[in-house]
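Engineer: Predicted model, plus sequence, below.
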Amino acid sequence: MNVLVVNGRKMNSYALTLECATFLAQKSQNISFVDLNVLELPWTMRKRVQREIWSESEIVGVVGSTQSFFNIFKAAKEAMAWCAFAIESENPWECLALNEQLPLGRLVRSLIARSMGTSNFHLSDCSVTQVYEIAFKSIFSYLQTTSAIGKSVIPVDLGIAHGGRDSYSAGAICAFKNHGIKTQLVESGGVAERWSLFETSPHYSPDFWTRLEKLQSLTAPEEQVANWWAERLAGSDHFRAEEWGHTREKNLLPPNLPKKYISFFTTSDFEIPVFEEFDIFPGDFQNQTEAFLQLYKLCRAENIDVIIRRHPNSVDQAGVDREIPLWEGIRDLPGVTYLGPHEKVDSIALARGSQTVFTFKSSVGIESIWLGVPAYALGPARWAWTDALRAWDVQNLERVLQEPGSANRDHAMRWANMMLMMDYPNTQFETIHGNLAVRNSATITISRISNILDKGIGVLLRRVAQRVAKINSPNPARH
C-alpha cells in the first residue's frame, strides 16, 4: 500500500504523524511524508529528530524546497485574493478558492470559531490577519499535498493527516478528498502515551460509538481507571490537551441553590465540523438551545427547577461572550438558575448535587455518571454510545425526567478504558501532549527562532502578495 502522511505545524501534530508513519513503515508499507514546516530552520532539533526517524524507518520525504517555496508564494497570493473577495461577499462562509476546489469559507469559519468560542459571529468580527493566516495555511497545505500526490509514481492508496481541526490538516484532507483518496486521521488518545487512527474523524461521534460498542473487555487496571478519572475531574482534558481547573473554584456553588434540581450543561458552540459530512443531528433537536427549551417545558410541567451551566470555553480569547443573545430570553425564565461562562462555580460539585444531568454534547455527562449521577445526552455526545444514555426526542426526554433511573458506572468505566487503551502506544516519543513531545528523555518544542522566522517570512509574504494579487479584479477568488 502506498501511504502519504502529512504533518502539521503544532508539536503534537508533528510528533503524532511521525509516530503514525513509523508504525505503518514497520508493516512494510510504502510511506511518503509531506513536511509542511518548510519555514523551519534546518538545524533545529525538530528537523534532526525527523531525519533520524525517516532514516530508521525508510520514510521518503516528498515535495522539495523549490516546489515548497513556489507553493508558499502561490498560497499567499490566493489567500490575499480570497480575503478581498470574502470581505465584500454577502455570504463569505460560502466562498471557495483555487477555482472552486477548496471550500475555504467553511474552513475559515470552523477554525476561527475555536478562538471565538462560538459559531455566532460574522467575518467582520474577525481579525483580518487571523483570517488571512488561516486562509494561507489551508491553501498552502492543499497545494503541498496536491504536489506530493502528483509526484507519486505509484498511485496513493491512503492519505493520513492529523486531527482535522487546524488549517494544515484541513487543506490536506481537501486535497485527498478531491483526488478520491481514502483518508484517515491520526489523533492522540486519552493519555499522552497512546494514539489512534480514525476512519472518519476524531470529532465525528459515530466513530466513538463504534469503538465503545466493540470494546468487549475492560482490561485497564481499576487503579489506573480511578487515577485517570481523578485527573479528569480535576480539570485535565487529555484528549484535547487542555486544563480546565482554572475555570472554577473547588466546591463553589451559587447562592440560593434549590434543594432539588436538574442541571443542563451547555457545550461550547464552536464545534463547527470542518467538513459538512462530519456533522450529525441524530434526534429531534438541531442545537442545544432547542434541546434546552424542550427540556424546560417538560420541567415546568413537573415543577422541576433547572440549573443552566454555560461552558467556560464559550467565550472568545478576549473573554467576550458572543453567545449571550442566544440565552437572553432564557436565563430569566421562572424556575431557571443561569450560570454564565465567567462564573467560577464548580461544575463537578454542581453535577454531584443534581438529581439528573442533561447536556447536548458535553463530556460532563459521562463525568456525572462516574460520580453516580444519572446523565443523558440530548445531542450526539461522543460518550452516548447506547440508547440507555440518549434522550434524543421528546418522548424519551419525558420518560427519563419522570424515571431517571440510576447511574450505571460501567459506562464510565468503558469510556475510561477506551481512552486509556487507544489503539497504539508511542514508540518514537515517550509522551505527546499539547505543544511538546519527549524523545529519548529530551523535550522537543517549537523553537523561538523558528517562530520568529515564520512571523518574519509571513509579513514579507503578505507584502509581496499585496503587490502580486489582483485584489481589484472583479472576482479574484474564482478566477
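Structural biologist: Sure thing, it's come through.
Engineer: OK, contacts around L218?
Structural biologist: Counting by CB atoms under 8 Å, 6 or more residues apart in numbering, L218 touches M413, R414, N417. The way it works is simple: take the backbone N, C-alpha and C, and place the C-beta from them, glycine included.
Engineer: So which bits of the longest strand anywhere in the chain are buried?
Structural biologist: For the chain, the strand that runs over the most residues, judged by DSSP state E, is strand 182-188. Neighbour counts over strand 182-188 (16 or more other CB atoms under 10 Å) mark T183, Q184, L185, V186, E187, S188 as buried.
Engineer: Please name the nearest non-neighbouring residue to the fifth one.
Structural biologist: Put plainly, it is E187. P202 (3.9 Å; CB to CB, 6 or more residues apart in numbering).
Engineer: The one you found - that's part of a helix, no?
Structural biologist: No - counting by DSSP: H, G, I helix; E, B strand; the rest coil, P202 is not found in a helix; it is coil.
Engineer: what number of residues lie near it?
Structural biologist: P202 has 22 neighbouring residues, counting by other CB atoms under 10 Å.
Engineer: Give me the local confidence score for it.
Structural biologist: P202 carries a pLDDT score of 86 in this model.
Engineer: Let me see the mean pLDDT of the helix or strand just after the longest strand of the chain.
Structural biologist: Heading C-terminal from strand 182-188, the first helix or strand you meet, by DSSP states H and E, is strand 194-198. Here strand 194-198 scores 93 as its mean pLDDT.
Engineer: Equivalent analysis for stretch 232-242, please.
Structural biologist: Mean predicted lDDT for stretch 232-242 stands at 73.
Engineer: could you list every residue that touches V49?
Structural biologist: Contacts of V49 (CB under 8 Å, 6+ apart): L18, R439, I444.
Engineer: about what we covered before: by contact count, what packs against the longest strand of the chain?
Structural biologist: In terms of contacts (3 or more CB pairs under 8 Å, 6 or more residues apart in numbering; DSSP states H and E), strand 182-188 is packed against helix 11-25, strand 158-162, helix 167-178, strand 194-198.
Engineer: Just to check, I262 is in contact with R309?
Structural biologist: No - using CB atoms under 8 Å, I262 is not in contact with R309; the gap is 11.2 Å.
Engineer: which of the two has more neighbours?
Structural biologist: Taking neighbours as other CB under 10 Å, I262 and R309 compare with R309 leading, 25 against 21.
Engineer: roughly how far apart are that one and I160?
Structural biologist: 38 Å (CB to CB, to the nearest Å).
Engineer: Also D207?
Structural biologist: 15 Å.
Engineer: for S55, same thing?
Structural biologist: 20 Å.
Engineer: Specify which residue of these two has the higher count of neighbours.
Structural biologist: I160 (27 against 9).
Engineer: The nearest residue to the more buried one once chain neighbours are set aside in helix, strand or coil?
Structural biologist: What sits nearest to I160 in space, not counting adjacent residues and going by CB to CB, 6+ apart, is V5, at 4.6 Å. Following three-state DSSP, V5 is assigned to strand.
Engineer: what about burial for the contacts of V49, which qualify?
Structural biologist: For these, a burial check counting by 16+ other CB under 10 Å picks out L18, R439, I444.
Engineer: now, among these, which is nearest to Q130?
Structural biologist: I444 (26.7 Å; CB to CB).
Engineer: Can you pull out the low-pLDDT segments for the chain?
Structural biologist: 38-43, 238-245, 269-272, 446-479 (pLDDT under 70).
Engineer: Could you list the domains of it?
Structural biologist: Listed by automatic domain parsing, the domain ranges of the chain are 2-193+427-468, 223-420.
Engineer: could you pull out the strands for the stretch 201-350 of the chain?
Structural biologist: Along the stretch 201-350 of the chain, counting by DSSP state E, counting those that start in this stretch, strands occupy 236-237, 242-243, 262-265, 306-309, 336-339.
Engineer: most packed of those?
Structural biologist: Highest mean neighbour count among the strands of the stretch 201-350 of the chain (mean count of other CB atoms under 10 Å): strand 262-265, with a mean of 25.
Engineer: The closest residue to P334 other than its chain neighbours: neighbouring residues, count only.
Structural biologist: With CB to CB, 6+ apart as the criterion, P334 has its nearest non-adjacent residue at 7.4 Å, and that residue is R300. By the criterion of other CB under 10 Å, R300 has 15 neighbours.
Engineer: R300 touches L293, doesn't it?
Structural biologist: No - if you go by CB under 8 Å, R300 and L293 don't touch, sitting 10.7 Å apart.
Engineer: For stretch 139-153, buried residues please.
Structural biologist: For stretch 139-153, using 16+ other CB under 10 Å, the buried residues are I139, F140, S141, Y142, L143, Q144, T145, T146, S147, A148, I149, S152.
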